[in-house]
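Undergrad: here are the coordinates; sequence isn't available:
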């Protein structure tokens, strides 16, 4: 994401949470796991934004736990395949970003519990 945005603008763009397909797309993201961590990428907080157009085209902005993650080249494809299988989705674009960098505070409570941080 461009860090030259207006001051006070969120670094992570809002998701299309009101779109009828949002929960199904989020659930599809939950089927993808970081191979080094036994928690899905959605609950890890690696999926920053899910936007869905009126034509059901999905764009996902995501990150990795670290830029040198061994599956960096593969994970966007895994996410794309999982979301493309969602009924009603027209097409899927997955964009990787490291701005803002991922932090443990982005994990869901479920992920923190699973990893023993709670």
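TA: The structure has been received and is ready for your questions. This one's a predicted model, so the numbers in the text were calculated from it and none came from an experiment.
Undergrad: what pLDDT does the residue most central in space within the chain get?
TA: Geometric centre of the chain, nearest residue: residue 47, 1.5 Å, by C-alpha atoms, centre = their mean. Confidence at residue 47, expressed as pLDDT, is 96.
Undergrad: over to residue 10?
TA: Reported pLDDT for residue 10: 59.
Undergrad: that older thread, can you tell me how far the residue nearest to the centre of the chain is from residue 116?
TA: 22 Å (C-beta to C-beta, to the nearest Å). Every C-beta, even on glycine, is put in place using the N, C-alpha and C of the backbone.
Undergrad: residue 54 too?
TA: 42 Å.
Undergrad: and if you look at residue 91?
TA: Residue 91 is 38 Å from residue 116, by C-beta to C-beta.
Undergrad: so what does the lowest-mean-pLDDT helix or strand in the chain touch, helix or strand wise?
TA: The helix or strand of the chain with the poorest confidence is helix 109-114; it has a mean of 91 (mean pLDDT, DSSP states H and E). On a contact count with 3 or more C-beta pairs under 8 Å, 6 or more residues apart in numbering; DSSP states H and E, helix 109-114 meets helix 41-44.
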